[in-house]
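Chemist: Just need the structure, nothing else, for what follows:
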Amino acid sequence: MDPETKAWCLFCATVFAWMGVSLSLDAPEHAESALSWMAGEGKADPAARRRLTVLYRCGGMLWAAFGLWLLCKTLGGSSVLAASLPRRRPGRAGRLLAGAFFFLGGSLLAAVKAAAGLRRGGGSALERAGRLWGWVIVLALLAFGSYLLRGSALGGKG
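Modeler: Alright, predicted model coming up:
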């Protein structure tokens, strides 16, 4: 697997694992929000909330498992994975646009998270761990955006 395809796979694995863990950890909040929205901002039924929380947790575990599977296949140099990926690679302009998108998106998310962190202050250990986990996606976006921008500057050789 060429280095750029491997980088794309590692980025996707990180994002899937991050989404899955986030969905699993915040399942009660997601369930409450979804039920409130479905009920027209009314009070949600506790039994429905529990069922939806379990559903969100299971879905999150599936997303995280897929991310970990993709990570293992990528790091293991799986020929099965490489055979199923498209052969065409983005050109220099595609790398530049994608790199700018991911890097700017990561920068914007970092600014928002930093500002929110200043407003929130301390909090419990679980809340601090949740905020720290949120920085994983920021780092993934910035690192991958930088990688693509570097590749576009080198003409696709990096």
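Chemist: What residues sit buried inside stretch 60-70?
Modeler: Gly60, Trp63, Ala64, Phe66, Gly67, Leu70 (16 or more other CB atoms under 10 Å). C-betas here are computed from N, CA, C, even on glycine.
Chemist: what's the most distant pair in the residues you listed?
Modeler: Gly60 and Leu70 (15.7 Å; CB to CB).
Chemist: my read: Lys113 touches Gly134, true?
Modeler: Yes - assessed by CB atoms under 8 Å, Lys113 is found in contact with Gly134 at 5.9 Å.
Chemist: In this protein, where is pLDDT below threshold?
Modeler: Within the chain, the ranges that satisfy pLDDT under 70 run 41-44, 78-80, 82, 85-89, 117-122, 126, 156-158.
Chemist: Nearest spatial neighbour of Thr74, chain-adjacent residues omitted?
Modeler: Nearest residue to Thr74, sequence neighbours excluded (CB to CB, 6 or more residues apart in numbering): Cys9, at 4.1 Å.
Chemist: What's the local residue count around that neighbour?
Modeler: Using other CB atoms under 10 Å, Cys9 has 20 other residues around it.
Chemist: Mind listing what's buried along whatever helix or strand it lives in?
Modeler: Using DSSP states H and E, Cys9 sits in helix 3-25. Counting neighbours by 16+ other CB under 10 Å, one finds that the buried residues in helix 3-25 are 4-5, 7-25.
Chemist: With only the CA atoms kept, save it in PDB.
Modeler: Included here for helix 3-25 are C-alpha records, laid out as PDB according to Å, rounded to 0.1, in the frame of the first residue of the first chain:
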ATOM      1  CA  PRO A   3       2.200   6.000   1.700                       C
ATOM      2  CA  GLU A   4      -0.700   8.300   0.700                       C
ATOM      3  CA  THR A   5      -3.300   5.500   0.700                       C
ATOM      4  CA  LYS A   6      -1.900   4.300   4.100                       C
ATOM      5  CA  ALA A   7      -2.300   7.900   5.400                       C
ATOM      6  CA  TRP A   8      -5.900   8.100   4.200                       C
ATOM      7  CA  CYS A   9      -6.700   4.700   5.900                       C
ATOM      8  CA  LEU A  10      -5.000   5.800   9.200                       C
ATOM      9  CA  PHE A  11      -7.000   9.000   9.100                       C
ATOM     10  CA  CYS A  12     -10.300   7.200   8.500                       C
ATOM     11  CA  ALA A  13      -9.500   4.700  11.200                       C
ATOM     12  CA  THR A  14      -8.900   7.500  13.700                       C
ATOM     13  CA  VAL A  15     -12.100   9.200  12.800                       C
ATOM     14  CA  PHE A  16     -14.200   6.100  13.000                       C
ATOM     15  CA  ALA A  17     -12.700   5.100  16.300                       C
ATOM     16  CA  TRP A  18     -13.100   8.600  17.600                       C
ATOM     17  CA  MET A  19     -16.800   8.800  16.500                       C
ATOM     18  CA  GLY A  20     -17.500   5.400  18.000                       C
ATOM     19  CA  VAL A  21     -16.000   6.200  21.400                       C
ATOM     20  CA  SER A  22     -17.600   9.600  21.500                       C
ATOM     21  CA  LEU A  23     -21.000   8.200  20.700                       C
ATOM     22  CA  SER A  24     -20.700   5.400  23.300                       C
ATOM     23  CA  LEU A  25     -19.500   7.800  26.000                       C
END
